[in-house]
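Student: The following block contains a protein sequence and its predicted model.
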Amino acid sequence: DKVGDTQEKIVAQVQRLRAEVISEIKAIFGLVAESRLKLEEAQKMDADMEAKKTQEEAQKLRMAAEERTLAVRRRFNVKGGFNVDFLPPYLRDFITSKEASANTLFDRGRILAMQMKAQQE
């Protein structure tokens, strides 16, 4: 009975951590998407102060996404502290990637989603 209880606790903790990682990544990707929308808006505007302000907002969002990405990686990729093996490959790549930016990972995720959708059709 103790073994079953322990296993249930481990499964619950793994599910909680997995949900936490997914939540963080969704928030990061939300920042990336919002940044890109701001840049699109700025490109449609005349070259004035409003366009410059919108570009600056986009840059701040992009930097926030990158900072949050680094924080998530530091938090979950601590040597010996967090086993990423239980995560699906795309989440594992997000956590363990050292070079890829949040923007790059966002694009990879979109491509992966399109590929999966095409396979289902």
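Tutor: Now that the structure is in, tell me what you want to look at.
Student: where do the helices sit along the protein?
Tutor: 2-44, 49-76, 89-96, 102-120 (DSSP state H).
Student: can you tell which of the ones you listed is closest to Asn83?
Tutor: helix 2-44 (8.9 Å; Cβ to Cβ). From N, CA and C alone the C-beta is placed, and that goes for glycine too.
Student: what would the helices of the chain look like in CSV with mean pLDDT and mean neighbour count?
Tutor: Below are the helices of the chain laid out as CSV (pLDDT from 0 to 100; neighbours: other Cβ atoms under 10 Å):
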stretch, mean pLDDT, mean neighbour count
helix 2-44, 88, 14
helix 49-76, 90, 16
helix 89-96, 82, 16
helix 102-120, 86, 13
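Student: any chance of the ones you listed in JSON lines, with distance to Asn83 too?
Tutor: Putting the helices of the chain into JSON lines (distance: least, Cβ to Cβ, whole Å) gives the following:
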{"stretch": "helix 2-44", "distance to Asn83": "9"}
{"stretch": "helix 49-76", "distance to Asn83": "10"}
{"stretch": "helix 89-96", "distance to Asn83": "10"}
{"stretch": "helix 102-120", "distance to Asn83": "21"}
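Student: what residues are up against the closest residue to Phe29 other than its chain neighbours?
Tutor: Once flanking residues are discounted, Phe29 sits nearest to Phe106: 5.3 Å by Cβ to Cβ, 6 or more residues apart in numbering. Residues in contact with Phe106 (Cβ atoms under 8 Å, 6 or more residues apart in numbering) are 29, 32-33.
Student: go on, Gly30?
Tutor: With the criterion set at Cβ under 8 Å, 6+ apart, Gly30 makes contact with nothing.
Student: Can you tell me how far it is from Ala113?
Tutor: Per Cβ to Cβ, to the nearest Å, Gly30 is found 15 Å from Ala113.
Student: Glu50 now?
Tutor: Distance of Glu50 to Ala113, computed by Cβ to Cβ: 33 Å.
Student: Tell me the pLDDT of Phe82.
Tutor: At Phe82, the predicted lDDT confidence score is 69.
Student: Many thanks, have a good one.
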